[in-house]
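1. got a predicted structure plus its sequence, pasted below:
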Amino acid sequence: MSTTDGATSTEFHTLYVNHHGWLQGWLRRKLGCCASAADLTQDTFVRLLAKHEPIQIRDSRAVLVTVARSVLSNHFRRQKLERAYLEVLASVPEQLMPSLEEQAILLQTLQELDRLMDGLEVPVRQAFLWSQLDGMAHAEIAERLGVSVTTVKRYIIKAGVQCCFAE
């Protein structure tokens, strides 16, 4: 089954109706939360529906679990990022505390940056973040990472390209 040209809305509807409850139960067991399981179930089906290239589904549950694992992984990564952000925010003096709207925008920006840099090697991500967020000099980054300044420059360019040209 394909979610693009080859699939009819009826085929996708059938997949959804036949497996929605099962997938939500699978996610509920993984998460221990009915509301999060419902959200991630929907995200899984939306991701399948949004595929640009045709996908062939022979074993519906295997495909759903594969996509759901990816959605689940992203969910846990966002939670970890949010916890780290809240820990840093807790250390900010009250007079410097951003407004709730600014906090939400900052968190969304961090999550988008994390999404854009997904798949980059740790040293590449680290060099880019130290450079862009901490304002560290290339020589200092090179020393911390144990690489040359030229390598740091390549890392920063690679991460910048990833962020600029990601879909």
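-> Nice, thanks for sending it over.
2. C-alpha from now on. contacts and neighbour counts both.
-> Noted.
3. counting contacts, what elements does whichever strand or helix holds residue 87 pack onto?
-> For residue 87, the host element (DSSP states H and E) is helix 60-90. Based on contacts counted as 3 or more CA pairs under 8 Å, 6 or more residues apart in numbering; DSSP states H and E, the elements that helix 60-90 packs against are helix 9-31, helix 34-49, helix 100-116.
4. in the longest one, what counts as buried?
-> Within helix 9-31, the residues scored as buried using 16 or more other CA atoms under 10 Å are 12, 15-16, 19-20, 23-28.
5. again, but for stretch 29-49
-> Using 16+ other CA under 10 Å as the burial criterion, the residues of stretch 29-49 that qualify are 36-38, 40-45, 48.
6. domain ranges for the protein?
-> In the domain annotation for the chain, the residue ranges read 1-99, 117-167 (automatic domain parsing).
7. so for the shortest one, what's the average pLDDT?
-> Okay, so that is domain 117-167. Per-residue confidence for domain 117-167 averages out to 91 on the pLDDT scale.
8. same check on the longest one?
-> Computed over domain 1-99, the mean pLDDT rounds to 86.
9. now render the buried residues of helix 9-31 as JSON lines, adding distance to residue 143.
-> Listed next are the buried residues of helix 9-31 as JSON lines, based on distance: CA to CA, whole Å:
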{"residue": "12", "distance to residue 143": "53"}
{"residue": "15", "distance to residue 143": "53"}
{"residue": "16", "distance to residue 143": "52"}
{"residue": "19", "distance to residue 143": "52"}
{"residue": "20", "distance to residue 143": "51"}
{"residue": "23", "distance to residue 143": "48"}
{"residue": "24", "distance to residue 143": "48"}
{"residue": "25", "distance to residue 143": "49"}
{"residue": "26", "distance to residue 143": "46"}
{"residue": "27", "distance to residue 143": "43"}
{"residue": "28", "distance to residue 143": "45"}
